[in-house]
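Asks: predicted model, plus sequence, below.
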Amino acid sequence: MSEQLFVVCVVLAIVIFITSIEIYQRIKLKRIVQEKWGKPPYQPRFDKEESLKMAWQDERSFATWDSEIDDITWYDLDMFTIFEQINATYSSVGSEALYQQLRHYHWQPDLQLEELIQFYQAHPAKREKIQYHFAQLGKQDRNFSKHYLAKKEKQTLGSLPFFLCLGALPFVGIFLLLFGQSLGLALLLGSIVFNMIYYHIQKARLETELNSMRYLVQTIAIGNKIAKIDHPLQKDMQHALTAIKNIPRFGFSFRTKSNSEAELLFDYFNMMVMLPFISYGFVLDRIVRHNQEAIHLWELLGKLEVAAAILNFRSFMPYTCQPVIQDGPVQAQDCYHPLLTDAVANPVDWSKNTLVTGSNASGKSTYVKSIAINCLLAQTIQTALATSFTLQAGHVLTSMAIEDDLSEGDSYFVAEIKSVKRLLDKVQTQEHCYCFIDEILKGTNTIERIAASSSIVDWLTTFPSLAIVATHDIELTEMLKQTCENIHFSEQVTEEKGVSFDYLVKPGPATTRNAIELLSVLHYPQEIITKAKNEAAYFDQHRQWL
């Protein structure tokens, strides 16, 4: 009797221990969600771009959109770093949806997304509860769930009756042991060893399918919990869940894990009774018959997390605004670059093709990038980094951070003209485009650069698009003064401070030449400075060199 009591006490102690760990994990997770709100996100372990990009490419199987941000523009503007700045998501469903939100968009604003953002702002407790459930789901790079849903044919793991028989053998062994049959022990141990070996062999061969199924089932389980919370997408979620809400019951072995010590015991139990393979067979049938509902649920959950991440982004940035999408020029007040600390804000009044001149480091490239980034953010996450921002819907294309393309055998100049050519091809479609070019055609000699650049910019004026070009070539401001606006950035050179910048945009072309003055500040030989000034003055007067 005392031995039986001891066993009961041990079992109760284990149950209490496991339950305590589960409760602690939940309390800790809720605290994390509360403490992270309103702060820049930091997630070094998950959301690698390779994984996110693969999920985005699978999205093409489900949806179409009006505009897509190509890789050149994406990397020119360092958009993945901006994604990381916004990415306050807790699940891969959310991070994949946010990445996709930033890489494509429709001409019309998503009213449902803004409704969610406003709902979260008005109901922080419900927002916290929803985020907590996403945190329970967690992140898994390369989960392939979108890829799995996109596939027309789902991979079967084998005969379901066969797996049921293997899973039943340990229980038969226990049953025989209870009736004093020595064969039961051999059957129990033998079946456990066989099942664990067979499980690992099959799992290694079908790792992708099992992982996809696991994360998909966990997502549906979280969807069931979130669908019980009152929010703007609740009815849509409940409708999508009608045919698939019971999948987590059949896929019990794929349930959401708490990452506690108890999970190790559960994993071993899975192996012994072949539970993942049995669950997979049951779940597969439901997924095949209700594929569209699962896809729709995934999209709704993604939107819920994206809305929270956008609101969080708006809360910690210096200031933001909701852009106005309407026909007409791009106009903004206090527009700034999101990745700069203490960024200098500038106005934008962009109604015709514009040349931006100024010396290196004066701010012209940053200004051009800040407009491009805000044109994207305004149309993707409906948020602009400005006190006001108005634009017409359109494609955004850049040609900025050009490098030699060794894989294609292209020199810098060939890579550059290919980059610019894709802008021209898009403009020729007659759809509205915003083109951003930094140091146009700098990979060739001065005469050909100026001639070709002026021809390109002049040609762009014949289409319903806008271009803004940063350049050192002052000659272009004169050649294109009839068709282009001119703005510039300037610097001050003094003996005491050397060179300094205010980073403020000014009307008209750059007129100052401070490069030679800077040579004097840095105490270059006077003969060099005098000769340089004389040759520059002669060129200004005669338009040819001495």
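Replies: Ah, there it is. This one's a predicted model, so the numbers in the text were calculated from it and none came from an experiment.
Asks: so for stretch 315-326, mean pLDDT?
Replies: Mean pLDDT, computed over stretch 315-326, is 96.
Asks: that one: which residues count as buried?
Replies: Using 16 or more other C-beta atoms under 10 Å as the test for burial, stretch 315-326 gives Thr320, Cys321, Pro323, Ile325. No exception for glycine: its C-beta is placed from N, CA and C like everyone else's.
Asks: likewise for stretch 108-124?
Replies: Pro109, Asp110, Leu113, Leu116, Ile117, Phe119, Tyr120.
Asks: what residues are up against the first one?
Replies: To tie it back to what came earlier, the one meant is Pro109. Counting by C-beta atoms under 8 Å, 6 or more residues apart in numbering, Pro109 makes contact with Ile325, Gln382.
Asks: after the helix or strand hosting Ile27, which helix or strand is next? Please name it.
Replies: Secondary structure assignment for Ile27, by DSSP states H and E: helix 2-36. Using DSSP H and E, the helix or strand that follows helix 2-36 in sequence is helix 49-59.
Asks: pLDDT averaged over the following helix or strand past that following helix - what is it?
Replies: Note on helix 49-59: by DSSP H and E, the next helix or strand toward the C-terminus is strand 67-68. Confidence over strand 67-68 (mean pLDDT, whole number) is 96.
Asks: ok, then the element right after strand 67-68?
Replies: Counting by DSSP H and E, what follows strand 67-68 is helix 71-76.
Asks: CA atoms only for that following helix - export them in CSV, please.
Replies: Coordinates of each C-alpha in helix 71-76 appear next as CSV, following Å, rounded to 0.1, in the frame of the first residue of the first chain:
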residue,chain,number,x,y,z
ASP,A,71,14.8,43.3,-56.3
ILE,A,72,16.8,46.2,-57.5
THR,A,73,14.5,48.8,-55.9
TRP,A,74,14.2,46.6,-52.8
TYR,A,75,17.9,46.5,-52.2
ASP,A,76,18.6,50.1,-53.4
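Asks: let me see the contact set for the residue at minimal distance from the centre of the chain.
Replies: With distances taken as C-alpha atoms, centre = their mean, the chain has Tyr99 as the residue nearest its mean C-alpha position (2.6 Å). Listed by C-beta under 8 Å, 6+ apart, the contact partners of Tyr99 are Asp47, Glu49, Leu52, Lys53, Ala55, Trp56, Phe83.
Asks: Ile450 too?
Replies: Shown in contact with Ile450 (C-beta under 8 Å, 6+ apart): Asp473, Glu475, Leu476, Met479.
Asks: one step back: by neighbours, which of the contacts of Tyr99 wins?
Replies: Neighbour counts for those, by other C-beta atoms under 10 Å, peak at Leu52, which reaches 25 neighbours.
Asks: circling back: for the contacts of Ile450, give me TSV that also has neighbour count and secondary structure.
Replies: Putting the contacts of Ile450 into TSV (neighbours: other C-beta atoms under 10 Å; DSSP: H, G, I helix; E, B strand; the rest coil) gives the following:
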residue	neighbour count	secondary structure
Asp473	20	coil
Glu475	17	helix
Leu476	22	helix
Met479	19	helix
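Asks: of all these, which two lie farthest apart?
Replies: Asp473 and Met479 (9.1 Å; C-beta to C-beta).
Asks: alpha carbons only: can I get the helix or strand hosting Ala168 in CSV?
Replies: Secondary structure assignment for Ala168, by DSSP H and E: helix 160-178. Written as CSV, here are the backbone C-alpha positions of helix 160-178 (Å, rounded to 0.1, in the frame of the first residue of the first chain):
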residue,chain,number,x,y,z
LEU,A,160,-2.7,4.9,-42.4
PRO,A,161,-3.8,1.4,-41.3
PHE,A,162,-0.2,0.4,-41.1
PHE,A,163,0.7,3.3,-38.9
LEU,A,164,-2.3,2.6,-36.7
CYS,A,165,-1.1,-1.0,-36.2
LEU,A,166,2.4,0.1,-35.3
GLY,A,167,1.0,2.7,-32.9
ALA,A,168,-1.2,0.2,-31.2
LEU,A,169,1.5,-2.4,-30.5
PRO,A,170,2.9,-0.7,-27.4
PHE,A,171,-0.6,-0.5,-25.9
VAL,A,172,-1.1,-4.2,-26.7
GLY,A,173,2.2,-5.0,-24.8
ILE,A,174,1.0,-3.0,-21.8
PHE,A,175,-2.4,-4.8,-21.9
LEU,A,176,-0.7,-8.2,-21.9
LEU,A,177,1.6,-7.2,-19.0
LEU,A,178,-1.4,-6.2,-16.9
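Asks: if we can go back for a sec, got TSV for the contacts of Tyr99, with pLDDT and distance to Thr19 too?
Replies: Shown next, in TSV, are these (pLDDT from 0 to 100; distance: C-beta to C-beta, whole Å):
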residue	pLDDT	distance to Thr19
Asp47	92	32
Glu49	94	39
Leu52	94	36
Lys53	94	41
Ala55	91	36
Trp56	93	40
Phe83	97	39
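Asks: next one: Val324 relative to Ala384, how far apart?
Replies: 9 Å (C-beta to C-beta, to the nearest Å).
Asks: list the buried residues in stretch 507-516.
Replies: For stretch 507-516, a neighbour-count test (16+ other C-beta under 10 Å) marks Pro509, Ala510, Asn514, Ile516 as buried.
Asks: got the contact list for the second one?
Replies: What that stands for is Ala510. Thr357, Gly358, Ser359, Ile474, Thr477, His488, Phe489, Ser490.
Asks: hmm, 10 Å instead?
Replies: Counting by C-beta atoms under 10 Å, 6 or more residues apart in numbering, Ala510 touches 355-359, 362, 364, 471-472, 474, 477, 486-491.
Asks: ditto for Leu480
Replies: Contacts of Leu480 (C-beta under 10 Å, 6+ apart): Asn353, Thr354, Leu355, Ser453, Ser454, Val457, Asp458, Thr461, Val469, Asn486.
Asks: from these, which is closest to Asp334?
Replies: Closest to Asp334, out of all of the contacts of Leu480 and judged by C-beta to C-beta, is Thr354, at 18.7 Å.
Asks: which single one of the buried residues of stretch 507-516 is nearest to Gly94?
Replies: Ranked by distance to Gly94 (C-beta to C-beta), the buried residues of stretch 507-516 are led by Ala510 at 45.1 Å.
Asks: and the closest one, how far is that from Ile450?
Replies: From Ala510 to Ile450 the distance is 15 Å (C-beta to C-beta).
Asks: which other helices and strands does the helix holding Ala168 contact?
Replies: For helix 160-178, the packing partners by 3 or more C-beta pairs under 10 Å, 6 or more residues apart in numbering; DSSP states H and E come out as helix 183-205, helix 262-273, helix 275-289.
Asks: give me the angle between that helix and helix 275-289.
Replies: Per axes from the mean of the first three to the mean of the last three C-alpha atoms, to 10 degrees, the angle that helix 160-178 makes with helix 275-289 is 150 degrees.
Asks: show me the contact partners of helix 160-178.
Replies: Contacts of helix 160-178 from elsewhere in the structure, counted by C-beta under 10 Å, 6+ apart, are 157, 159, 181-192, 194-195, 198-199, 202, 269-270, 272-282, 284-285.
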